[in-house]
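Trainee: Could you look at this predicted model? Sequence included:
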Amino acid sequence: MIVTLDVCEECGQIGHPDLGHYHHAPAGHRTVRCRGRVVGVEFSDNGDSPIPALAGIAEAADILGVSKAGGIQRLRESGRMPVPVAELRIGPIYRRSDLEALGRELATERAARQERRAEREAAA
């Protein structure tokens, strides 16, 4: 099967040929319209497909080990969430690989916090 997606030539994000797409800024900053040209690109599902694995909010929460409501919102406000490849009515769509990389960082941070807590409790 061949799928045609409208992709920006400049940044690779999915966009609309007439409306373009926007880059999301960290909390408190303006969203910026990309000036790249959006063109139709054909992808095939023969195993060599360059279409990245994608994830929505629910999948992001599972991958990151946080709640959909509070955890994702805190990460977005702190600027740690990756830039979504698209914003749909259902919410932002992320590259799964970006979320997995952030998930590894968060897991390392959690492990370090637990270790410090255990050391404090042992010393008390």
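Mentor: Perfect, thanks for sending it. Numbers count the residues shown, from 1 in each chain.
Trainee: burial of L64, as a residue count?
Mentor: 22 (other Cβ atoms under 10 Å). (Glycine included, C-beta is placed from N, CA and C.)
Trainee: what number of residues lie near the nearest residue to it once chain neighbours are set aside?
Mentor: Of all residues not flanking L64 in the chain, G103 sits nearest, at 5.0 Å (Cβ to Cβ, 6 or more residues apart in numbering). Neighbourhood size, G103 [other Cβ under 10 Å]: 17.
Trainee: on contacts alone, who are the packing partners of whatever helix or strand G103 lives in?
Mentor: For G103, the host element (DSSP states H and E) is helix 96-123. Applying 3 or more Cβ pairs under 8 Å, 6 or more residues apart in numbering; DSSP states H and E, we find helix 96-123 packed against strand 54-55, helix 57-64.
Trainee: Direction included, what does the first one pair up with?
Mentor: Each strand paired with strand 54-55, and its direction, by DSSP bridges: strand 91-95 (antiparallel).
Trainee: Dump the C-alpha coordinates for the partner strand into CSV.
Mentor: Taking Å, rounded to 0.1, in the frame of the first residue of the first chain, the C-alpha atoms of strand 91-95 are listed here in CSV:
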residue,chain,number,x,y,z
GLY,A,91,-4.3,16.4,20.5
PRO,A,92,-0.6,16.4,19.7
ILE,A,93,1.0,13.5,17.8
TYR,A,94,4.6,12.7,18.7
ARG,A,95,7.4,10.6,17.2
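Trainee: which secondary element of the protein has the worst mean pLDDT?
Mentor: In the chain, the helix or strand scored least confidently by mean pLDDT, DSSP states H and E is strand 22-23, which has a mean of 55.
Trainee: Walk me through the domains of this protein.
Mentor: Per automatic domain parsing, the domain ranges recorded for the chain read 1-51, 53-124.
Trainee: Good, wrapping up.
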